[in-house]
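Engineer: Okay, here's the prediction I keep looking at, along with the sequence it came from:
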Amino acid sequence: MPINNEFDVIIVGGGITGAGTARDCAMRGLKVLLIERHDIATGATGRNHGLLHSGARYALKDSESAEECIRENKILRSIASNCIEDTGGLFITLPEDADSGFGLDYQTKFIDACIKAGIDAQAISPEEAREKEPSVNPSLIGAVVVPDGSVDPFRLCAANVTDAAMHGAKILVYTEFLDFIREGDTILGVKVLDTRTGLKAEYRAPVTVNAAGIWGHGVAAKAGIHIGMYPAKGALLVFGHRVNNVVINRCRKSADGDILVPGDSVTVIGTTSTKVPFEECDNMEVTPEEVSLLLREGCALCPSLASTRILRAYAGVRPLVADDSDPSGRSISRGIVCLDHETRDGVKGFVSITGGKLMTYRLMAELATDAVCRKLGENKLCETAETPLPGSVDGRIETVSKRFEGKVSLGQKSAAGRQGDLVGKLRFDSEADRQLVCECENVTLAEIKYAVAELGVTSLMDLRRRTRVGMGTCQGTLCIRKAAKALAAALGDPSLEGKLAADYLDERWKGMRAVGWGDTLREMEFMQRVYKYEKPYSYDEI
Amino acid sequence: MKFDVVIIGGGLAGMTAATELQSSGLRCAVVAEGLSLHNASRSGFKAAGGTLLQGDRVISGRIENGRLTGVFTEKLGDTVLEADNFILASGKYFSRGLVADMDKVYEPLFGLDVQYEPDRSKWFDRSFAADQPFLDFGVKTEGLLALKDGVPVANLYPVGEVLAGISSASGDATVQIRNSALAAVKAIRRN
């Protein structure tokens, strides 16, 4: 078995926290290895709202989280402009909220708390709210404007991974953590399995960082360490078009299904919160009860959702952590938890970074990297808050589009929006390269080739996370054969086409089954027909 | 307007039945929604003297004493389409011959009895490639006639994919669809 000693730090987990930590460590000059058992952003990172929180949601109950959020909100707007859409947000008050004690008095307290936390919150009239967001429930009695936005978590994670690699980090996806290499009370590295080749390997480094989200519970357990994690499932629904242009929240105590976020060509409602057993975290199904609840609450924010086709349902698991000081495990924190296991558990060379949320990933990465540097005796300063991510250095579509010769096509413009200033790497050498493979999201063959060559894509799900292939209205119904063919060719093995398409269709089917009625069921019948009906009707037979 | 047979739906099932019936001398009308793969057969039907209500759709019907006596369409307004016999060839979900709610599947025009699984979690197989139970749902029949509240509607013949057990989304069902249409044609001619 090969033994590799070339690293300063090993990071377990390729979600946004691990990706951010890899970037930060690499920017501070450390030799980094990141291992991820699936693709990047496959856990909670890719299974949330994609909401760029203003922090307003936390202003009243947790001012520390609110302050963290608004600080990171401003930082992300400057370093990750290509991953963010400045939609703005509304917190609305409905007549029934007033009846349950969350009327306009509550709104006043809410605004005060926001302003105290540094969040620019301003009350507007119901008329102004309806003008700003025509889809909002017209019976609202009050509204507050906050600096919410939407963020593409796939793109954000990919940008962090790309930048880490540009700073020398080694990124191994489809590489599963099996166990630690340990000597006495010191962690010396990790034993891993390449899930595609079945080969095992060992990697050594003076520090290992556990950034595996909810699965970090199991990683720590391999070191004999208990982290009191609380797997909280959150379910969400995606609607078939962009119903709203502004994030809509309910101005009341946080509850299920009270945030509606527009993102690219769709709208997402969420979320719920249910404790689930660890065994379920690998394969979560959205239940009919969760779907009903999300629909009911979503319609309260935006009544037209009732007649909008639901594309799919999905769920993620928040890696919440019980407070160490509370042995019952009931006191749950949503804040960031950075554990130095030497001081906490007497295990050297091991750090866990968990808790937190998508919004605060950069801060989490900074704290984890600080802990790593302390252990290594390094004292380089963190620069991730000031240094733009690849794609966002100058991501304005006008600038980026200048990189193309002649008239800029729809596919090129969309690619510029997705890949930002890295779009110059796309090669439009032939007419075929300019052709659209996915017509919902305007993905060209050139972008697919780029994703394979530069972004480590090996499946259609990987491709979807990098380019939005199959993420739009038709959910891949009309493009996935084309995309599978293009991907198989780009991977250099045309015989993969069928397998790539089948894996993708099963994944989509899972998301659709949970919402399989009405227009979604019509789409499901159509999808079955497209892929299973081989012989078209012949007019001569009639 | 009075016809011998009114056919609801202008797909493979509806046009097969309409063409056969019209050419055997019965006066037929087909109510067919918008664009279709079956424009060629629709032209043939018109040439044989059939009445084609293209781009219209049936919205409700009048069932009296166990018989369907007439149907109303979107465009004809109060004018009722009457006939001795009716063929329901409205298809499955995509063409809205069947409508699925969160907890039930129903036939939207006449409220006919539908065979389906009440537990929605059993409508689908987890694997996309496997046979999907929801594609087998459809209206119930007794001796070719549609059932409403367990009783046959004496002159209403469902044919094609609106029927339970027939779906072209799960593979080639051309033969089944044509045979169901021809069986109804035979029964109507016999009457």
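Structural biologist: That came through, no problem.

Engineer: Those residues of chain B touching chain A, which are they?
Structural biologist: B:12, B:15-16, B:19, B:37-38, B:40-41, B:44, B:92-94, B:96, B:99-102, B:120-121, B:123-124, B:126-129, B:132, B:134-135, B:167-172, B:174, B:178 (Cβ under 8 Å from any Cβ of the partner chain). Backbone N, C-alpha and C define where each C-beta goes, glycine included.

Engineer: switch the cut-off to 6 Å
Structural biologist: Contact residues (Cβ under 6 Å from any Cβ of the partner chain) of chain B with chain A: B:12, B:15-16, B:37, B:40-41, B:93-94, B:100-102, B:124, B:128, B:168-172.

Engineer: Now the buried members of those residues.
Structural biologist: Buried by 16 or more other Cβ atoms under 10 Å in any protein chain shown: B:12, B:15-16, B:41, B:93-94, B:100, B:124, B:128, B:168-170, out of the residues of chain B next to chain A.

Engineer: Redo those residues as TSV? Include pLDDT and secondary structure.
Structural biologist: TSV is the format used below for these (pLDDT from 0 to 100; DSSP: H, G, I helix; E, B strand; the rest coil):
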residue	pLDDT	secondary structure
B:12	93	helix
B:15	95	helix
B:16	95	helix
B:41	86	helix
B:93	97	coil
B:94	94	coil
B:100	97	strand
B:124	96	coil
B:128	93	coil
B:168	87	coil
B:169	86	coil
B:170	80	coil
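
Engineer: show me where pLDDT drops low in chain B?
Structural biologist: B:35-36 (pLDDT under 70).

Engineer: Could you pull out the strands in it for me?
Structural biologist: Ranges of strands within chain B are B:2-8, B:28-32, B:51-54, B:58-64, B:67-73, B:81-88, B:99-100, B:105-106, B:114-115, B:138-139, B:141-142, B:145-148, B:151-152, B:156-158, based on DSSP state E.

Engineer: Nearest to residue A:312, out of those strands?
Structural biologist: Taking Cβ to Cβ, strand B:99-100 is the member of these nearest to residue A:312, at 16.2 Å.

Engineer: Now do the helix ranked longest in chain B and strand B:2-8, the angle between them.
Structural biologist: Secondary structure assigned by DSSP state H gives helix B:174-190 as the longest helix of chain B. Helix B:174-190 runs at 160 degrees relative to strand B:2-8, counting by axes from the mean of the first three to the mean of the last three Cα atoms, to 10 degrees.

Engineer: List the buried residues in helix B:174-190.
Structural biologist: Going by neighbour count (16+ other Cβ under 10 Å), the buried part of helix B:174-190 is B:174, B:176-178, B:180-181, B:184-185, B:188.

Engineer: could you list every residue that touches residue A:486?
Structural biologist: The contact partners of residue A:486, by Cβ atoms under 6 Å, 6 or more residues apart in numbering or on different chains, come to A:437, A:445, A:448.

Engineer: repeat that with 8 Å
Structural biologist: Going by Cβ atoms under 8 Å, 6 or more residues apart in numbering or on different chains, residue A:486 touches A:437, A:445, A:448-449.

Engineer: Report the two members of the residues you listed separated by the largest distance.
Structural biologist: Farthest pair in those (Cβ to Cβ) is A:437 and A:449. Separation: 10.4 Å.

Engineer: So for these two, which residue has more residues nearby?
Structural biologist: Comparing residue A:437 with residue A:449 by other Cβ atoms under 10 Å in any protein chain shown, the one with more neighbours is residue A:437, at 26 against 19.

Engineer: For the closest residue to chain B within the stretch 301-450 of chain A, which non-adjacent residue is spatially closest?
Structural biologist: Nearest to chain B in the stretch 301-450 of chain A, going by Cβ to the nearest Cβ, is residue A:310, at a distance of 10.7 Å. Nearest non-adjacent residue to residue A:310, counting by Cβ to Cβ, 6 or more residues apart in numbering or on different chains: residue A:515, 4.3 Å away.

Engineer: Now do the contacts for the residue nearest the centre of chain B.
Structural biologist: By Cα atoms, centre = their mean, chain B has its centre lying nearest to residue B:89, at 1.9 Å. By Cβ under 8 Å, 6+ apart, the contact list for residue B:89 reads B:7-11, B:13-14, B:17, B:97, B:158-160, B:162, B:181.

Engineer: Looking at those residues, which one is closest to chain A?
Structural biologist: For those, the minimum distance to chain A (Cβ to the nearest Cβ) is 8.6 Å, reached by residue B:11.

Engineer: Give me the phi and psi for the closest one.
Structural biologist: Note on residue B:11: backbone dihedrals following degrees, to the nearest 10 are phi -90, psi -160.

Engineer: So residue A:428 lies in a helix, does it not?
Structural biologist: No - counting by DSSP: H, G, I helix; E, B strand; the rest coil, residue A:428 is not part of a helix but coil.

Engineer: rewinding a little: tell me if the residue nearest to residue A:310 really is in a helix.
Structural biologist: No - using three-state DSSP, the assignment for residue A:515 is coil, not a helix.

Engineer: how near is it to residue B:120?
Structural biologist: Look at residue A:515 and residue B:120: by Cβ to Cβ, to the nearest Å, they are 10 Å apart.

Engineer: Residue A:247 and residue A:68, how far apart?
Structural biologist: Computed as Cβ to Cβ, the residue A:247 to residue A:68 distance reads 19 Å.

Engineer: So which of those two has more stuff around it?
Structural biologist: Between residue A:247 and residue A:68, counting by other Cβ under 10 Å, residue A:247 is the more crowded of the two (28 against 23).

Engineer: Isn't that one up against residue A:259?
Structural biologist: Yes - at 7.0 Å, residue A:247 counts as touching residue A:259 under the criterion of Cβ atoms under 8 Å.

Engineer: and for the two, which residues touch both?
Structural biologist: Jointly contacting residue A:247 and residue A:259 under the rule Cβ under 8 Å, 6+ apart are residue A:51.

Engineer: rewinding a little: only the buried subset of the contacts of residue B:89, as a PyMOL command please.
Structural biologist: Buried residues within those, by 16+ other Cβ under 10 Å, are selected in PyMOL with:
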select buried, chain B and resi 7+8+9+10+11+13+14+17+97+158+159+160+162+181
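
Engineer: List just the nearest of the contacts of residue B:89 to residue A:268.
Structural biologist: Proximity of the contacts of residue B:89 to residue A:268 (Cβ to Cβ) peaks at residue B:97, which lies at 31.8 Å.

Engineer: residues touching that closest one, list them.
Structural biologist: By Cβ under 8 Å, 6+ apart, the contact set of residue B:97 is B:9, B:88-91, B:107, B:161-162.

Engineer: Residue A:72 versus the closest residue to residue A:81 other than its chain neighbours, what's the distance?
Structural biologist: Spatial nearest neighbour of residue A:81, chain neighbours left out: residue A:392 (4.6 Å); criterion: Cβ to Cβ, 6+ apart. Distance of residue A:392 to residue A:72, computed by Cβ to Cβ: 15 Å.
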